[in-house]
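# Build me a structure from this.
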Amino acid sequence: MQRSPSAIILSLPNEPEVAVQRHLEGLKGRLQELVLKFPDRVSRDPRDHHAIIIEVAASRDAVKARDDLLQALRDEEPELRRRGIESLLLFGSAATLKSFPNDIDLLARFRPELRLSAFDIAEIQAYLEQTLGWRVDLSTEATFPSEFRKTAEQSGIRIFGS
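Modelled structure (predicted):
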């Protein structure tokens, strides 16, 4: 099996044509049973009749949900800045759409002159959860491990700030 950024290609070189077709129909049926419900994302590879392509691009619904989330966060910028956030980054599955998000991962940079306690940050997190209707994991740049920050910044989406 090979994987490209937008598809998984399942190569079955030793399978007869009828078996490849059976696998194709089985994958379509299984995906339809699961939450994806996009059987058209499973097809035969036109370059290799012994291969099946499974597209893994995000659905339009997932993209719209992410865009709605981004807008909701941008709408909250004045309130979040009032609470001391200088910069906000959405990262993780909600940003990349590689899998269904369980929560919203946010990385915040606070104004350096503020001395926020864990309770202050928890209050902002609770505010975001209530506003967005999602569980929120609010991390601060000061406590976020540097080895993960680079990845988060590369794959994340800047909501506001620099």
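# Spell out the residue ranges of the strands in the protein.
Taking DSSP state E as the criterion, the chain contains strands spanning 2-3, 7-11, 42-45, 48-55, 85-91, 104-110, 136-140, 157-160.
# Pull up the pairing partners for the fifth one, direction included.
The reference is to strand 85-91. Strand 85-91 has its sheet partners listed here by DSSP bridges as strand 104-110 (antiparallel), strand 157-160 (antiparallel).
# Same list as before, those that is, but in a markdown table and with mean pLDDT, distance to G26 and mean neighbour count included.
C-beta coordinates here come from the backbone N, C-alpha and C atoms, glycine included. Below are the strands paired with strand 85-91 laid out as a markdown table (pLDDT from 0 to 100; distance: least, Cβ to Cβ, whole Å; neighbours: other Cβ atoms under 10 Å):
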| stretch | mean pLDDT | distance to G26 | mean neighbour count |
| --- | --- | --- | --- |
| strand 104-110 | 95 | 35 | 22 |
| strand 157-160 | 96 | 36 | 17 |
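# re the thing from before, how about TSV for the strands of the chain, with distance to R149 added?
TSV is the format used below for the strands of the chain (distance: least, Cβ to Cβ, whole Å):
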stretch	distance to R149
strand 2-3	26
strand 7-11	29
strand 42-45	37
strand 48-55	31
strand 85-91	9
strand 104-110	7
strand 136-140	9
strand 157-160	13
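# List the buried residues in stretch 72-92.
Buried residues in stretch 72-92, counted by 16 or more other Cβ atoms under 10 Å: 72-73, 76, 80, 83-92.
# now the end-to-end length of it.
17 Å (Cα to Cα, to the nearest Å).
# and H23, what does it touch?
Contact partners of H23, counting by Cβ atoms under 8 Å, 6 or more residues apart in numbering, are L10, L12, E15, I52.
# residue nearest the centroid of this structure?
What sits nearest the mean C-alpha location of the chain, by Cα atoms, centre = their mean, is S93, with 2.4 Å.
# ok, now how distant is that one from L73?
16 Å (Cβ to Cβ, to the nearest Å).
# Check S162 too.
Distance from S162 to L73, counting by Cβ to Cβ: 16 Å.
# got any ranges where the protein has weak pLDDT?
Within the chain, the segments meeting pLDDT under 70 span 1-8, 31-42, 54-60, 99-100.
# Nothing else from me, thank you.
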